[in-house]
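K.L.:
quick one, what's the 3D model for this:
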Amino acid sequence: MGARRICVIVAVVGIFVGLGFVGCSAEAKQEGTASKAGGLKEMRDYPIEPVAFTKVKLTDEFWAPRIETNRKVSIPYAFGKCEENGRMDNFAIAGGLKEGEHRGGYPFDDTDPYKILEGASYALSVQADPKLDKYLDDLIALIAAAQEEDGYLFTCRTNNAKNLVNWYGKERWEKLGGSHELYNMGHFYEATVAHYQATGKRTLLDVAVKNADFLCTVFGPGKLEKTPGHQVIEMGLAKLYRATGEEKYLKLAKFYLDARGPGGNPYHQSHQRPVDQSEAVGHAVRASYMYCGMADVAALTGDESFLKAAERIWRNVVGKKLYLTGGIGATGSGEAFGKNYELPNETAYCETCAAIGNVMWNHRMFLGSGMAKYIDVMERTLYNGLISGVSLEGDHFFYPNPLASHGQHKRSPWFGCACCPGNMTRFVASIPGYVYAKAGDKLYVNLFVAGSGTVEMGGNAVKIKQETQYPWDGAVKLTVEPQHSRKFTLAVRLPGWARNQPVPSDLYRYMNAAGPKKSLKLNGEYAFEADVDGGGYLCIERKWKQGDVIELDVSMGIRRVLAHENVEADRGRVAIERGPIVYCAEWPDNPAGIHNLILTDNAKLTAEHRKDLLGGVTVVRGKATAVSDAGEGKLAKKEQALTAIPYYAWAHRGQGDMAVWLARDEAVAQPKTKPGTIQNPSFEKADRGNPVGWRKSTYGGEGGFKYVDGGRTGKKCVMLSSESGGDIGWLTSVTVKPRSQYRLSAWIKTENVESTGARQAKGALLNVHNIQPLQTNAVTGTKDWTKVEIVFNSGANSVVEINCLFGGWGLAKGKAWYDDVKLESLSTKM
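P.N.:
Got it, this is the predicted structure:
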């Protein structure tokens, strides 16, 4: 049948349209926005309302099992870890219910149970659980007991935790830059609203209101004009405002943004006023939480300056600082964004909490605009760099989520700084709330997940049912069942990957310009069969009746992805995608190696679904060329089978090599060598102006990396330098024999190297980065070529990371040159 075009358009909605909309958001309605008198109070909010997760039931094979695992495993497991590590006892001690010393190493430890409590409340919202309900009641009693008489709630100060006094100071609010007093309350408010929404009980809400009322007497214009060092209270206050109708909470949230900057530290985004910022800098979690708060305050107050700034920053992130997996935060130094296009792979930080913040930020930007580009970024993060943060079993977690590994990474059962596991429990429970949204007579389908949702459209209940195998198959069947026939617009997102756009910028592009085939049918007749330019939604406006069916089918071909030329770490490399899924090659499937593989541009790739593998995944298969060191400067090449798995599923079968970005040619491949062999030890081989086999790493401050003339024995060497203070290194990974003795040596030349900053730096040295604190003696001052060396045992390690280090556990100034790095085997296994 020929194509029948029936009022199908591509929606392009202005970013700031509708911020003056007055009405309760779905979130506010669900939470019971109320005035003091107890009645519902209308308020300004986002022009688009998310359909509450309690109105959406997922039945798919991808998300539904994860949500159930979160409910049955992750939440009770995380609560158990909090009990084991003294988190609950701290509240009991603060409330005089128990004697003892405060436990824990951070002033923000209180937020671990807060976040898990939020996730548990979401779980209660969709499934009654008397045992869990009682557990939360008991926990809330502890929290309430810990609150001081005036409303202050911060257990480490109440308990006089001496090991943390340098964080929080002698007086309240003295060290807001690091105390986390307000950060804790932000997460507390979010947990409070979730619990009130789930149970209708005011037990926790009353504690939060008492605390927020107290904060309103302390902070504000003409009062204490300080801002939190870690943002999140802005979001928490916005939620508390929606739940109570108390406008002073919204005013306080806005104050914390208005009072921020200029002249502060970029680490916590206080270098400029938020409304003046245009680049994402500093701690990535702090930043993403602030951008969420800016969007919330813009929606609730109508102050467009916050949303305009958030949009500018968003363009910077999506255009220059976003990983292909949707992760944000390039460096472990400050857990921060890097410079523009600074996106290293093996040292990528991509904190799980930052991925969650990125999803929440993009969702809010969509709610303020109706633009699908934000959902595209949200989806990319959801399916890749976010769910990689938790194991399939639900009880092991990643803190950073790197895009390459030599076997040094594994998920942990818990962390001393345990922000990520609790954050994951609350986020996974809320995932159904990201599927649908509505605005007036428009119903948005943002994510493709089998299941159903019920939406109120002008007093008419509309049930929408999805049938799909997404993300493994691009066919989606939508059945619309309005209570009564009614005219409205169904807006179905056409994903960015289906529009031939990996991300809404030129940061990444598909190698093949030909996009996937797609079709849209209404009740069995073609409504659309053409490529879509721009936009993001397929909008069908009609009078809908019971049983109307929309069928969207987008072919899921295997796509090769290239990065912008300015992304140094990805030059000469290619990544694999299929639909929304980013792939990686991992050691169990590719025993001949990973980093020595070359995936040529013409190598054929095929997809195969494996129900028996990693919970059921579609793998990508093909042929690659493995290169190895044949001696005398020659390479041996051998064709081998290549298997790639979804990135989110890596590190479930033990530790070993992994890479998202594979070499396209031998110039960037790392030839497989015999154990103990350093690739390019004298830095004579170069590719695109950098030494082959070595990568840059920043641990603190700023510094310069150079590949220069003037080697000790050859023509070339590497140089590290800093004028203001840096802790940086040239890093390489070397295969070794476990439990074997080695001697590591190199030659270093320095010019005016000295320590700077609060922590005493070592100088210029070598260290074995993954076997701390193995390090050579350091060179400082101004010295000619000087040999440094250390003897060490490899222990259980099969890979060591050798680091030409400048600074070393502190910041250093000056210049240092490194050459002739050597690793000698001294023994067999011991």
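
K.L.:
phi, psi for residue 746 please.
P.N.:
Recorded main-chain torsions at residue 746 are phi -170, psi 170, according to degrees, to the nearest 10.

K.L.:
now swap in residue 297 and tell me
P.N.:
Its backbone dihedrals place residue 297 at phi -60, psi -40, with angles given as degrees, to the nearest 10.

K.L.:
repeat for residue 94
P.N.:
Per-residue torsions, residue 94: phi -60, psi -30 (degrees, to the nearest 10).

K.L.:
quick one: buried residues of stretch 140-149?
P.N.:
Of all the residues in stretch 140-149, those buried under the rule 16 or more other Cβ atoms under 10 Å are 140, 141, 142, 143, 144, 145, 146, 147, 148. No exception for glycine: its C-beta is placed from N, CA and C like everyone else's.

K.L.:
hmm, who's touching it?
P.N.:
Contacts to stretch 140-149, defined as Cβ atoms under 8 Å, 6 or more residues apart in numbering, come from residues 88, 90-92, 94-97, 113, 117, 153, 155, 158, 188, 195, 203-204, 206-207, 210-211.

K.L.:
go on, stretch 610-625?
P.N.:
Counting contacts by Cβ under 8 Å, 6+ apart, the residues touching stretch 610-625 from outside are 61, 65, 392, 472, 558, 576, 578, 581, 583, 589-590, 597-600, 603-609, 637-646, 649, 652, 662.

K.L.:
among those, name the ones in strands.
P.N.:
Members of the contacts of stretch 610-625 lying in strands (criterion: DSSP state E): 558, 576, 578, 581, 583, 597-598, 605-609, 637-646, 662.

K.L.:
drop anything exposed from the residues you listed.
P.N.:
Members of the ones in strands among the contacts of stretch 610-625 that pass the buried threshold by neighbour count (16+ other Cβ under 10 Å) are listed as 558, 576, 578, 581, 583, 597-598, 605, 607, 642-646, 662.

K.L.:
and the buried residues of stretch 140-149, which is closest to residue 509?
P.N.:
Nearest to residue 509, judged by Cβ to Cβ, of the buried residues of stretch 140-149 is residue 143 at 49.8 Å.

K.L.:
mean confidence for stretch 106-119?
P.N.:
Average pLDDT, stretch 106-119: 98.

K.L.:
export that stretch as CSV, just CAs?
P.N.:
Written as CSV, here are the backbone C-alpha positions of stretch 106-119 (Å, rounded to 0.1, in the frame of the first residue of the first chain):
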residue,chain,number,x,y,z
TYR,A,106,32.9,11.4,55.6
PRO,A,107,30.5,14.1,56.8
PHE,A,108,28.0,13.1,54.1
ASP,A,109,27.6,9.5,55.3
ASP,A,110,24.0,10.4,56.5
THR,A,111,23.0,10.6,52.9
ASP,A,112,23.5,6.9,52.3
PRO,A,113,20.4,5.8,54.2
TYR,A,114,18.5,8.9,53.0
LYS,A,115,19.0,7.9,49.3
ILE,A,116,18.2,4.2,50.0
LEU,A,117,15.1,5.3,52.0
GLU,A,118,14.0,7.3,48.9
GLY,A,119,14.4,4.2,46.7
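
K.L.:
can you say which helix or strand has the residue nearest to residue 95 when sequence neighbours are not counted in it?
P.N.:
Spatially, and ignoring its direct neighbours in sequence, residue 95 is nearest to residue 145 (2.6 Å; Cβ to Cβ, 6 or more residues apart in numbering). Secondary-structure assignment from DSSP states H and E places residue 145 in helix 130-146.

K.L.:
next SSE downstream of that helix?
P.N.:
Later in the chain than helix 130-146, the nearest helix or strand by DSSP H and E is helix 155-158.

K.L.:
chain center to that next one, what's the gap?
P.N.:
Helix 155-158 sits 30 Å away from the centroid of its parent chain (Cα atoms, centre = their mean, to the nearest Å).

K.L.:
following element in sequence after that helix, please.
P.N.:
Scanning forward in sequence from helix 155-158, with DSSP H and E defining helices and strands, the next element found is helix 165-168.

K.L.:
which elements pack onto that next one?
P.N.:
In terms of contacts (3 or more Cβ pairs under 8 Å, 6 or more residues apart in numbering; DSSP states H and E), helix 165-168 is packed against helix 155-158, helix 176-179.

K.L.:
to residue 375, which of these lies closest?
P.N.:
Comparing those by their distance to residue 375 (Cβ to Cβ), the top pick is helix 176-179, with 34.7 Å.

K.L.:
hmm, who's touching that closest one?
P.N.:
With Cβ under 8 Å, 6+ apart as the test, helix 176-179 has contacts from 107, 154, 167-169, 173, 182, 226-229, 265, 268.

K.L.:
and the next helix or strand after that helix, what does it pack onto?
P.N.:
Sequence order places helix 181-199 as the next helix or strand after helix 176-179, per DSSP H and E. Contacting helix 181-199 under the criterion 3+ Cβ pairs under 8 Å, 6+ apart are the following elements: helix 26-31, helix 111-126, helix 130-146, helix 203-218, helix 233-244, helix 419-429.

K.L.:
tabulate the ones you listed (TSV), appending distance to residue 747.
P.N.:
Putting these into TSV (distance: least, Cβ to Cβ, whole Å) gives the following:
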stretch	distance to residue 747
helix 26-31	62
helix 111-126	47
helix 130-146	58
helix 203-218	58
helix 233-244	52
helix 419-429	41
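
K.L.:
pick out the shakiest of these, pLDDT-wise.
P.N.:
Among those, helix 26-31 has the lowest mean pLDDT, at a mean of 36.

K.L.:
about what we covered before: are any of the contacts of stretch 140-149 buried, and if so which?
P.N.:
Of the members of the contacts of stretch 140-149, the ones counted as buried by neighbours, 16+ other Cβ under 10 Å, are 88, 90-92, 94-95, 113, 117, 153, 155, 158, 188, 195, 203-204, 207, 210-211.

K.L.:
tell me the average confidence for the helix or strand where residue 68 lies?
P.N.:
Element membership of residue 68 [criterion: DSSP H and E] is helix 63-69. The average pLDDT within helix 63-69 is 98.

K.L.:
quick check: angle from the next helix or strand after it to helix 111-126?
P.N.:
From helix 63-69 onward toward the C-terminus, using DSSP H and E, the following helix or strand is helix 75-84. Here helix 75-84 points in a direction 150 degrees away from that of helix 111-126 (axes from the mean of the first three to the mean of the last three Cα atoms, to 10 degrees).

K.L.:
re earlier: dump the contacts of helix 176-179 to a markdown table, plus neighbour count.
P.N.:
Supplementary listing: the contacts of helix 176-179 in a markdown table, determined by neighbours: other Cβ atoms under 10 Å:
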| residue | neighbour count |
| --- | --- |
| 107 | 24 |
| 154 | 23 |
| 167 | 20 |
| 168 | 21 |
| 169 | 16 |
| 173 | 17 |
| 182 | 24 |
| 226 | 17 |
| 227 | 23 |
| 228 | 27 |
| 229 | 22 |
| 265 | 15 |
| 268 | 24 |
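
K.L.:
okay, now the domains of this protein?
P.N.:
8-16+437-556, 572-663, 686-825 (automatic domain parsing).

K.L.:
ok, back up a step: which residues sit against the helix holding residue 68?
P.N.:
Helix 63-69 is touched from outside by 58, 387, 392-394, 428-429, 431-432, 449-451, 615, with contacts defined as Cβ under 8 Å, 6+ apart.

K.L.:
including distance to residue 84, could the helices and strands packed on helix 165-168 go into TSV?
P.N.:
As requested, the helices and strands packed on helix 165-168 are arranged in TSV below (distance: least, Cβ to Cβ, whole Å):
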stretch	distance to residue 84
helix 155-158	17
helix 176-179	25
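
K.L.:
so of those, which one's packed in deepest?
P.N.:
The highest mean neighbour count among those belongs to helix 155-158 (a mean of 24), with neighbours defined as mean count of other Cβ atoms under 10 Å.
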